[in-house]
Every structure is written in structure tokens, then in C-alpha cells.
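*Asks:* would you be able to build a 3D model of this:
(one chain, ligands or ions: 1)
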Amino acid sequence: MDSQKIQDVAIIGAGPAGLTAAIYTSRALLSTVIIEKLGSGGQLAVTDHIENYPGFPEGINGFELSQKMEAQAKAFGAKYEFAEVQKIEKDPSSGLFAIQTDSSTFKAKSIIIAAGAKPKSLGVKGESGFIGKGISFCATCDGAFYRNKTVAVIGGGDSALDEGLFLTKFAQKVYIIHRRDAFRGAKILQKRVFDNPKIEIIWNSVLEEVLGDTKIRQVKVKNLKENRASALELDGLFLYIGLSPNTDFISGIEKDEGGYILADEALQTSLPGVFAAGDCRKTLLRQVSTAVGDGAKAAYSAEKYLEGK
Ligand code: NAP
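*Replies:* As a prediction, the model looks like this:
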């Protein structure tokens, strides 16, 4: 693609929000470039089974759904570029945006930031040394390595429960270690977790240390109610303690204290012409369906912004 050509819309991120925005903007005959650093789908692509996205009563594999979204956006003419965005800047005189990436600089009349979010790590002793050597953030990617092994999941949200259940396909034992005595994840997932004989829940407990040699062997867990530490022999550890937004590259646009982009009802950010959609913005609920809704709304707002120019 000619990076010097001025695009109507540049979309940063090819998760469900970005791909939906691309379907809408390219279908509105706006020239559209999607800039993505890894591959389509974002977190959706590493989710084994999506069962709460309408239209798929049997559920659908996340990677397959993201491939379909990408194909739909490309069918309407959206262009796709693999690059990591490093900076966005607005030229005050022309109103044009420069999107600087690790490979080139794109120019666009408007931007939709749909950069998503990434899993958080705990910051406990020993953790950083075992990332990729027994610590994973993606059960869909790494679960099969733990056939007949013992693993633990940290967290009590939808991801911890969903992925804990997924891991029972492979592992002989799955511990879910949660810092409180109640999960925040969906009730239907909680029921499946409680009913699964391979899962043991360790309530009111936090991870204190990860131990091993070339791979994880053991974790130290502290029961907060009893103020008691114990050791657990493990082969793998999956961290699902929440997300942080991929917004470090953005400056000059209002964010909250967690780095989530602030946007109004029309998904307009504090910088006119820049819109935010999906998991990277401050919002009540982060689901595939809400990301898709955001993508459509941001695209509509970008179209109105360009009409008004
Ligand atoms: P989340 O909802 O933020 O849950 C994070 C969990 O980790 C919470 O249970 C939290 O405990 C725990 N936690 C946070 N910091 C911790 C720490 N330092 N030490 C120990 N535990 C800690 O994150 P998520 O489960 O990754 O989900 C992210 C978003 O994606 C949510 O909006 C979720 O609904 C969505 N999602 C949806 C689905 C689905 O619909 N099937 C699947 C996956 C994700 P507390 O509960 O005590 O705060």
C-alpha cells in the first residue's frame, strides 16, 4: 500500500472493534487502512469457544470468527497493514493525522483507535523468569502442552473461569486460585466450574512466589483469611487477573488512571477526528458483542466527522 496516500480512516487494531469499524467505513466507501501489529482478532483470536455472540447457537471458535470478520472487511475494500503504531499526531493547519509506525508513516483524515487490551501480570517473586516457561496468558495457545499435567489458574473473572474449564480438556487437575470467596465471572461459567470434578478452587488465596528450574515446579500460595502459606506442586500457571489497555503509544488524548481512553456517546475522544472503540476505551462491559457495537458506532461517527469537514 502507498503509505503517502491520504486515507479517509486509519483504524488501529484488528480485533472485533477494529474489523467491524473497517466493515462499516469501507462499506460507506471511505478509504480505510487497518493497522495491526500481530494478526486479526486480538484476544478473540486466542479464545477457543465464543458462545455469547449472537448468530452462532452452537458457539464459534474465536479464531474462525475473527477470520470471517477480516474477510468481510477486506471484501468491502479495507486495506490491511502489519505494523506497530508508535505515535499519532495531528497537523493543526491541515487537520490531517500522521500515524507513525515501526515501518512507515500513514496519513489519514480520521482515526479509530481499537487497540484492545493485554493481560496483566502479578509482579510476584519468580514470575517474570517463568513467563513462557510454564507461565502463560493463553490457555487456547498453550493448554495442549499440559496433557495429564497439573495446572493452576489465577483470577475469578470470566477469563479465569472460561480458560480454567478449557484447560480441563487436557490437564488432569486444574486449580483455580482466587483472592476472594466469590467469583465475579458469569453465573453459567461458575456453575460449570463448580460441577467439574477436575477443578479444585482455592479461595481467599494469593500467589506469593513461583519456583522451579528450567520450568515451573511449585508455587507458594497464601491464604489471606488464615494468614497461612502453603506450597503447591504445578506444571503450568495461567494468569487471568484482568487486562490493561494497549494505549501507551497515545499521548495528547484524555485517558483514565488505568490508561483507558475516555470517549463520549459518539465515541469521540478529546482530540477531534479521533474515535475509540472496544476494550481500549473506558466502558462498562468488554465483550465481543460490545466491541462490535463500538466499531459500528465509531465508524458512523468518523463518517459524520468527515462529512462535516
Ligand atoms: P476481570 O473481569 O477484570 O477479572 C479479573 C480477576 O482477577 C478478578 O476476579 C480479580 O479479583 C482478579 N485479580 C485482579 N487482580 C488480581 C491480583 N493482583 N491478584 C489476584 N487476583 C487478581 O478480567 P477478565 O476475566 O480477564 O475479563 C476481562 C473482560 O473480558 C471482562 O469484561 C470480561 O467480562 C470479558 N470476558 C468475557 C468473556 C465471556 O463473555 N465469556 C470471557 C472472557 C473475558 P476480584 O474479583 O477480587 O476483583
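*Asks:* ok, now which ones touch the residue of the chain found nearest the ligand?
*Replies:* Of all residues in the chain, Gly157 sits closest to the ligand, at 2.4 Å by C-beta to the nearest ligand atom. Heads up, the C-betas are built off the backbone N, CA and C, glycines and all. For Gly157, the contact set (C-beta atoms under 8 Å, 6 or more residues apart in numbering) comprises Phe183, Arg184, Gly185, Tyr240, Gly242.
*Asks:* try Lys220
*Replies:* Residues near Lys220 by C-beta under 8 Å, 6+ apart: Leu207, Glu208, Glu209, Leu211, Ala229, Ser230, Ala231, Leu232.
*Asks:* the helix or strand Ser301 falls within vs the ligand: in contact?
*Replies:* Using DSSP states H and E, Ser301 falls within helix 288-308. No. Using C-beta under 6 Å from any ligand atom, we find that helix 288-308 stays clear of the ligand, coming within 7.6 Å at best.
*Asks:* now do that helix: distance to the chain's middle.
*Replies:* 19 Å (C-alpha atoms, centre = their mean, to the nearest Å).
*Asks:* other residues contacting it?
*Replies:* By C-beta under 8 Å, 6+ apart, helix 288-308 touches 8-9, 15-25, 28, 30, 44, 50, 52-54, 65, 109-110, 112, 114, 266-268, 272-273, 275-279, 281, 283.
*Asks:* change it to 6 Å
*Replies:* Helix 288-308 is contacted by residues 8-9, 16-17, 20-21, 24-25, 28, 44, 50, 53, 109-110, 112, 266-268, 273, 275, 277-278 when judged by C-beta atoms under 6 Å, 6 or more residues apart in numbering.
*Asks:* show me where the stretch 151-300 of the chain has its helices.
*Replies:* All helices of the stretch 151-300 of the chain, identified by DSSP state H, counting those that start in this stretch, fall at 158-167, 187-195, 288-308.
*Asks:* let me have the ones you listed in CSV, extended by mean pLDDT and mean neighbour count.
*Replies:* Shown next, in CSV, are the helices of the stretch 151-300 of the chain (pLDDT from 0 to 100; neighbours: other C-beta atoms under 10 Å):
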stretch, mean pLDDT, mean neighbour count
helix 158-167, 96, 24
helix 187-195, 98, 14
helix 288-308, 97, 21
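*Asks:* need those in JSON lines with distance to Ala152, can you?
*Replies:* Below are the helices of the stretch 151-300 of the chain laid out as JSON lines (distance: least, C-beta to C-beta, whole Å):
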{"stretch": "helix 158-167", "distance to Ala152": "9"}
{"stretch": "helix 187-195", "distance to Ala152": "13"}
{"stretch": "helix 288-308", "distance to Ala152": "27"}
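*Asks:* looking at the ones you listed, which is closest to Ser103?
*Replies:* helix 288-308 (23.9 Å; C-beta to C-beta).
*Asks:* quick one on the thing from earlier: which among the contacts of helix 288-308 count as buried?
*Replies:* By neighbour count, with 16 or more other C-beta atoms under 10 Å, those hold 8-9, 16-17, 20-21, 24-25, 28, 44, 50, 53, 109-110, 112, 267-268, 273, 275, 277-278 as buried.
*Asks:* sort out for me which of those are in helices.
*Replies:* Filtering the buried ones among the contacts of helix 288-308 for membership in helices, criterion DSSP state H, returns Pro16, Ala17, Thr20, Ala21, Tyr24, Thr25.
*Asks:* show me what the helix or strand of the chain with the lowest mean pLDDT is packed against.
*Replies:* Lowest mean confidence among the helices and strands of the chain (mean pLDDT, DSSP states H and E): helix 139-142, at a mean of 88. Counting contacts by 3 or more C-beta pairs under 6 Å, 6 or more residues apart in numbering; DSSP states H and E, helix 139-142 packs against helix 158-167.
*Asks:* mind exporting the C-alpha coordinates of the helix it packs on to CSV?
*Replies:* Coordinates of each C-alpha in helix 158-167 appear next as CSV, following Å, rounded to 0.1, in the frame of the first residue of the first chain:
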residue,chain,number,x,y,z
ASP,A,158,-14.9,-14.6,33.1
SER,A,159,-11.4,-15.3,31.6
ALA,A,160,-10.2,-17.4,34.6
LEU,A,161,-13.4,-19.5,34.6
ASP,A,162,-13.6,-19.9,30.8
GLU,A,163,-10.0,-20.8,30.5
GLY,A,164,-9.9,-23.0,33.6
LEU,A,165,-12.8,-25.0,32.1
PHE,A,166,-10.9,-25.2,28.7
LEU,A,167,-7.8,-26.5,30.5
